[in-house]
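Engineer: Starting from these lines, generate the structure:
(one chain, ligands or ions: 1)
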Amino acid sequence: MNRDIATPVRTKEIMQKYGFSFKKSLGQNFLIDPNILQNIVGHAGLTKEHGAIEIGPGIGALTEHLARASKKVVAFEIDQRLLPILDDTLSPYDNIKILHKDVLKADVEQVMAEEFAGIEDVMVVANLPYYVTTPIILKLLMEDLPIKGLVVMLQKEVADRIAAKPGTKNYGSLSIAIQYYTEASTVMIVPKTVFIPQPNVDSAVIKLVKRDKPPVEVTNEDFFFTVTRSSFAQRRKTILNNLTSQLPDGKEKKEDILKALEQAGIEPSRRGESLSIPEFATLANALYPYFS
Ligand code: SAM
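Structural biologist: Predicted structure coming up:
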């Protein structure tokens, strides 16, 4: 086996060889602990039948572990300066395709169709750039890509919000959006010391397993998400106050909102954080006729 990229010594050697300097604006915190990488890949449950999508390979630390564990890796990297480095560090592997693209702008579905022909099970595995973790995860889920799930490193604080249960302080529209598409769990807490440079925040790895179908039936998904976002606009406000102030023409439609709340069996004085996902679905379905 080749010498791991993700040791402090080898990472520093590579950085020096290429005169590479980190760009904070691109969320560049590279992993320098092969054990952590091994654990991340283990949680993804990859086999030689699997495809893997990586966002932000950096100098290839995680990429090479994915290449060893899967059939093929496709990695999106926005920073052009890293391309010649990756060419060099990943030269021992013949099952990696690096794409110089901003993942937020990329047509991931088309890339998957082109790159993963004949591969059924694809996982997204990444140490995400922290300035865009939520947009990346939501994009990959909302585009309904043929992926099995995601195992990704992100800020612990965001991981806590994603996996939060109703009635807790971290529960909000992000928890609902992600738990609507996936079963979410935090699988590792990761110390700052395994990165260079060290990030300012603690990190965690979450596993998101895509559901075959959503856990609740909603008449209109966009409206369901509008209702959940509106309900948390001001956490201390009641659900009635948030909905009247946030929904289009909400103030004029206060009576309709009250009727819908009654129909859904939800007290207008409750706060958004106390509603479960099935309760939000019932509420959104009751409100929808008044707002469509
Ligand atoms: N995978 C490497 C590791 O674990 O050491 C690097 C992870 S680093 C946290 C995030 C990487 O994402 C960087 O290489 C950065 O250049 C890249 N990146 C940032 N924004 C991106 C975007 N919008 N699309 C693709 N890659 C991006």
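
Engineer: Is the ligand within reach of stretch 128-135?
Structural biologist: Yes. Part of stretch 128-135 sits near the ligand under the criterion C-beta under 6 Å from any ligand atom, namely P129, V132. Bear in mind the C-beta positions are built from the backbone N, C-alpha and C, glycine included.

Engineer: Show me what the helix of greatest length in the chain is packed against.
Structural biologist: Identified as the longest helix of the chain according to DSSP state H is helix 277-291. Secondary-structure packing of helix 277-291 (3 or more C-beta pairs under 8 Å, 6 or more residues apart in numbering; DSSP states H and E): helix 173-181, helix 221-231, helix 254-264.

Engineer: Next, give phi and psi for the residue of the stretch 1-150 of the chain found nearest the ligand.
Structural biologist: For the stretch 1-150 of the chain, the residue closest to the ligand is G56, as judged by C-beta to the nearest ligand atom, at 1.9 Å. Note on G56: backbone dihedrals following degrees, to the nearest 10 are phi 70, psi 70.

Engineer: element containing L37?
Structural biologist: helix 34-44 (DSSP states H and E).

Engineer: picking that back up, as JSON lines, the helices and strands packed on helix 277-291 with mean neighbour count would be great.
Structural biologist: Listed next are those as JSON lines, based on neighbours: other C-beta atoms under 10 Å:
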{"stretch": "helix 173-181", "mean neighbour count": "21"}
{"stretch": "helix 221-231", "mean neighbour count": "20"}
{"stretch": "helix 254-264", "mean neighbour count": "16"}
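
Engineer: Compile those helices into CSV and extend it with columns for distance to the ligand and mean pLDDT.
Structural biologist: Output for the helices and strands packed on helix 277-291, formatted as CSV (distance: least, C-beta to the nearest ligand atom, whole Å; pLDDT from 0 to 100):
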stretch, distance to the ligand, mean pLDDT
helix 173-181, 19, 97
helix 221-231, 23, 97
helix 254-264, 39, 98
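
Engineer: out of those helices, nearest to H100?
Structural biologist: For those, distance to H100 was read as C-beta to C-beta. The smallest value, 28.2 Å, belongs to helix 173-181.

Engineer: and the closest one with helix 277-291, angle?
Structural biologist: Orientation check (axes from the mean of the first three to the mean of the last three C-alpha atoms, to 10 degrees): helix 173-181 against helix 277-291 gives 100 degrees.

Engineer: Just tell me which of the helices and strands packed on helix 277-291 ends up closest to R271.
Structural biologist: helix 221-231 (8.4 Å).

Engineer: follow-up on the earlier one: ok, the residue of the stretch 1-150 of the chain closest to the ligand to F291 distance?
Structural biologist: G56 is 39 Å from F291, where distance means C-beta to C-beta, to the nearest Å.

Engineer: Which one of those two is surrounded by more residues?
Structural biologist: G56 (23 against 18; other C-beta atoms under 10 Å).

Engineer: measure that one to V227 for me?
Structural biologist: Distance of G56 to V227, computed by C-beta to C-beta: 33 Å.

Engineer: quick one, what contacts the closest residue to G172 other than its chain neighbours?
Structural biologist: The shortest distance from G172 to any non-neighbouring residue, by C-beta to C-beta, 6 or more residues apart in numbering, is to F232 (4.8 Å). Residues near F232 by C-beta atoms under 8 Å, 6 or more residues apart in numbering: G172, S173, N242, G272, E273.

Engineer: Widest-spaced pair of the residues you listed?
Structural biologist: Largest pairwise distance in the contacts of F232, by C-beta to C-beta, is 11.9 Å, between G172 and N242.

Engineer: which neighbours do those two share?
Structural biologist: Going by C-beta under 8 Å, 6+ apart, residues that sit against G172 and also against N242 are F232, G272.
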